[in-house]
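> Sequence and predicted structure are below.
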Amino acid sequence: MTRTFMRVPRAACSALLLLSASAVVQGQTQSKPSITDPRFSLRGGLTDAQEAISNLTLLAHRPRPEGFFNPADAGDFAFVNSDLAFDGKYAFIGGYHGFQIWDLSTPSNPTLRTAFPCPGGQGDLSVYRNLLFMSVEENKGRVDCGGQGVSGTVSTERFMGVRIFDISDIDHPRQVGAVQTCRGSHTHTLLPDPKDAGTVFVYVSGTNDVRDGRELAGCSDGDPKMDSTTARFGIDVIKVPVAAPQDARVVSRPRVFADRRTNAIRGLWRGGTHGAGTQETAETDQCHDITVYPAIGLAAGACSGNGILLDISDPANPKRVDEVIDPNFAYWHSATFNNDGTTLLFSDEWGGGVGAKCRATDKMTWGANAIFSLRNRKLIPQGHYKLPSAQQAVENCVAHNGTLIPVPGRDIMVQAWYQGGLSVFDFTNPRKPVEIAYFDRGPINAAELTLAGFWSAYWYNGHIYGSEIGRGLDVLELKASPMLTQNEIDAAKSVQFAGSNPQLQQKLVWAPSFAVARAYVDQLDRGNGLPAAQITSIMATLGMAEQQSGDARKATLRALGNRLDRAAAVARDRSRVKALAATVKGLMETAE
Amino acid sequence: MRVTHGIRTALLLLMTCTGRQVAAQAALATRPVTGADVRFMQDMIVHHSQAVEMTALLATRTRRADLRSLGERIAVSQTDEIDVMRRWLTRHGVPAPAAQSDAMAAHDAGSAHQAHDMHDMSGMPGMLNARQMTALRTARGPAFDRLFLRGMIQHHTGALTMVKALMATPGAAQESALNRFVNDVSADQRAEIARMRRLASGK
């Protein structure tokens, strides 16, 4: 469709040129998903499917609770489990029928604390202090959470937007706010106000048709050329006074797709193919996910036809600073920064999540992650990562939601692939991502493609939690392997957060510990960053220091730190030796 | 998750569950479908079938590769959506109208005019009448290209009108799978209309 290609807006063209300029975009070595992988031929079943697991242990599985599934139809859309959020010892599982709160005090034994019916889909959740936020997009959504639907076409009973619950009493969530939006809320992102702890912003990604303006004032579906108020081509920003959530309201609709030169609000990808043999990419008139990373003042928008980079220093008015396209992408779905903010990974939800896009015939660059390096607020394409194993044609499979695993010194992520299972992979080298671990079940229904699989797979305080659309909650633990040692896993487990929300990235910081130090040493060993003799000696010294206490430990660590400083000057992997030296010095300072 | 282009391979999975008792059980917690929902799906099958029929003409009547490529996409997406709609109807215990393949077979057998008379009577927004279809079928080259794009834009715009009408019907589109389907049909057809406008303007 070359004509379409020629009509690409300027901004998108420059992005494309950028993409083709770095001609050799790398990725995995295989060109098609593998059919020799054990994950390919698993026997199906709802509760008794065959499993394949590598470098992980499945600690617990809990089916969806009573009332949250259709016993006759595991794939009933009205009961789909969706995204996951965490706060303290609780996991919050969203869904089309409502939300569930699970107690994770003992991760190997999650227990249901609260099941709260409130239909309206997708039901994606976030938690901020005592408030729970929930995305609602379905036509049947009701202000009062009722299941009877809405009978009028223009009705004050209908709710599409973001609900706010007070969960101070975890057993009795209470809806205390509800902000209607023109296209509902498919997903949302929390962004705490950096200047005011009492305020949180919510970026709303609505993907529905625009509502009737008679139902919600100000909702217009006009042509963006003529109608500057159209509810398309933007995002909604809600400002929430945490102490008065009933006063939450939409404060802006930033035109983040606008053409830089003309300010035309429809300034990015217009939909279509990128030339022969390329993917058909959706038009950029909405975002699907916006991942904010407040520590670096940036957000990444996965916005249907483009990946965009936003400056969020003024939370109510995010400003686009870069945009990219990828001729392999069908629908820009989600984004994950690495911890340093030097790499950005976008995911393509080719087929919308309900298609089988990991078949042996599907390209490794379609329905995959595209990894970009991020320098001076510019994105530069590097490589792609896709689930290495082929899946059956009855398994919906494509890249979906994931998070970083806090292994110091490396960029590692766990990601959900619907019925492709979950995959843990390293993208430290964005041109050569490599898988480390996986878990997969056979199809939920071997006879026909039936919606299921992992919606989200997130790391939270030491474990991996999976929200399975049709099967429920899974808890997994990483197992040591040559690609990821126990020291690295222990170091990852040392990072503890008070909570974790999708699309809101927190900076990972590793307090000095012997596990973190040993993790770096293992990495230097694996990557030949230091001569083997030095590795052995450093490990022995660390072991000795750990046995010591007080001044003896301090002295040992001080000597080791000095030695590492000298080694860093000539080491093959200087930055890692420096990180190790800093950890050792930190240990010394905290030694008692 | 977004059910969009994947809807073809896709929503079938939502509608795979068979039997009325399933719908009855689901209805305990989810809104039952209305007559308007059922009519929408039945009508849209007929509506989509005409689009597929139109795209079949491209093979012999246009020289433009971009039009053929567009036509292939429309044919694939609408055929898959027809499948989705038929499954949805079956799931809710409602007979589906003749399949698109049946319509094509009738066309091949020379009974096309009959089929188009039926379309005329349907009064569905955007559907080409018998005169327009004949004109399209007899045209060649650039004349065909113009008629095709004009006709398909009219056709798709009609589908959007049908969606709007459904959404303006009290109690309609409350069922989760249908609600998603309607949103996705709308998004897809909008995108295709935009592309066809660009193709029509030669840009």
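Sure, I can see it.

> tell me the phi and psi of the residue positioned nearest the centre of chain B?
The residue lying closest to the centre of chain B (CA atoms, centre = their mean) is B:His48, at 2.3 Å. For B:His48, the backbone dihedrals are phi -60, psi -40 (criterion: degrees, to the nearest 10).

> The residue lying closest to it once chain neighbours are set aside: which element?
Nearest-residue entry for B:His48: B:Gln78, 4.3 Å, with adjacent residues in sequence omitted and distances by CB to CB, 6 or more residues apart in numbering or on different chains. Placement of C-beta: from N, CA and C, glycine included. When elements are assigned from DSSP states H and E, B:Gln78 belongs to helix B:65-91.

> Equivalent analysis for B:Arg180, please.
Residue-wise, B:Arg180 maps onto helix B:176-200 under DSSP H and E.

> buried stuff in that helix?
Of the residues in helix B:176-200, those buried under the neighbour-count criterion (16 or more other CB atoms under 10 Å in any protein chain shown) are B:176-196, B:198-199.

> For chain A, tell me which of these show up nearby.
Contacts with chain A are made by B:176-177, B:179-180, B:182-184, B:186-187, B:191, B:194-195, B:198-199 out of the buried residues of helix B:176-200, judged by CB under 8 Å from any CB of the partner chain.

> how about a markdown table for the residues you listed, with distance to A:Asn339 and pLDDT added?
Shown next, in a markdown table, are these (distance: CB to CB, whole Å; pLDDT from 0 to 100):
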| residue | distance to A:Asn339 | pLDDT |
| --- | --- | --- |
| B:Ser176 | 37 | 88 |
| B:Ala177 | 39 | 88 |
| B:Asn179 | 39 | 90 |
| B:Arg180 | 36 | 87 |
| B:Val182 | 41 | 92 |
| B:Asn183 | 36 | 89 |
| B:Asp184 | 36 | 87 |
| B:Ser186 | 40 | 91 |
| B:Ala187 | 35 | 88 |
| B:Ala191 | 36 | 87 |
| B:Ala194 | 39 | 88 |
| B:Arg195 | 40 | 88 |
| B:Arg198 | 42 | 89 |
| B:Leu199 | 45 | 90 |
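
> So what's the predicted local confidence for residue 24?
The chain I'm using is chain A. pLDDT, the model's per-residue confidence, is 49 for A:Val24.

> wrong one, chain B
B:Ala24 carries a pLDDT value of 33.

> Around chain B, pick out the residues from the stretch 151-300 of chain A.
A:151-153, A:186, A:207-209, A:212, A:270-273, A:280, A:282-283, A:288.

> In strands only, show me those.
Using DSSP state E, A:272-273, A:280 are the members of those that sit in strands.

> Could you identify which of those has the most neighbours?
Scoring those on neighbours with other CB atoms under 10 Å in any protein chain shown, the highest-scoring entry is A:Gly272 at 28 neighbours.

> In contact with the spatially closest residue to A:Val240 that is not a sequence neighbour: list those residues for me.
Closest residue to A:Val240 in three dimensions, ignoring its sequence neighbours and counting by CB to CB, 6+ apart: A:Ala248, at 4.1 Å. With contacts taken as CB atoms under 8 Å, 6 or more residues apart in numbering or on different chains, A:Ala248 has the following neighbours: A:162, A:164, A:177, A:179, A:202, A:238-241.

> which one is residue 175 nearest to, not counting chain neighbours?
In the absence of a named chain, chain A is used. Nearest non-adjacent residue to A:Gln175, counting by CB to CB, 6+ apart: A:Phe165, 5.3 Å away.

> should've been chain B
Of all residues beyond its chain neighbours, the one nearest B:Glu175 is B:Val33 (5.1 Å), with distances taken as CB to CB, 6+ apart.

> Ramachandran angles for the closest residue to A:Arg253 other than its chain neighbours?
Nearest non-adjacent residue to A:Arg253, counting by CB to CB, 6+ apart: A:Gly234, 4.5 Å away. In this entry, A:Gly234 is assigned phi and psi values of phi -170, psi -180 (degrees, to the nearest 10).

> picking that back up, check for me that the residue nearest to B:Glu175 belongs to a strand.
No. With DSSP: H, G, I helix; E, B strand; the rest coil as the criterion, B:Val33 is assigned coil and is not in a strand.

> Pretty sure it sits against B:Ala173.
No. Under the criterion of CB atoms under 8 Å, B:Val33 makes no contact with B:Ala173, lying 9.2 Å away.

> Which one's more surrounded, those two?
Under the criterion of other CB under 10 Å, the comparison of B:Val33 against B:Ala173 puts B:Ala173 first, with 28 against 24.

> residue ranges with poor pLDDT in chain B?
Along chain B, the parts satisfying pLDDT under 70 run over B:1-31, B:98-122, B:203.

> quick revisit: quick one: contacts for the residue nearest to B:Glu175?
Under the criterion of CB under 8 Å, 6+ apart, the contact partners of B:Val33 comprise B:23, B:92, B:174-175, B:178.

> What distance do you get for it to A:Gly146?
18 Å (CB to CB, to the nearest Å).

> Kindly report the same for A:Ser500.
Looking at A:Ser500 against A:Gly146, where the rule is CB to CB, the gap reads 31 Å.

> A:Ile235 too?
From A:Ile235 over to A:Gly146 (counting by CB to CB), the distance is 28 Å.

> Compare these two and say which is more crowded by neighbours.
When neighbours are counted by other CB under 10 Å, A:Ile235 and A:Gly146 differ, and A:Ile235 comes out ahead with 25 against 15.

> any residues touching stretch B:154-173, and which ones?
For stretch B:154-173, the external contacting residues (CB under 8 Å, 6+ apart) are A:139-140, A:149-153, A:209, A:212, B:31, B:34, B:36-37, B:40, B:43-44, B:47-48, B:50-51, B:54, B:124-128, B:179, B:182, B:185-186, B:189-190, B:192-193, B:196.

> Which positions within that stretch qualify as buried?
B:155-156, B:158-160, B:162-163, B:166-167, B:169, B:171-173.
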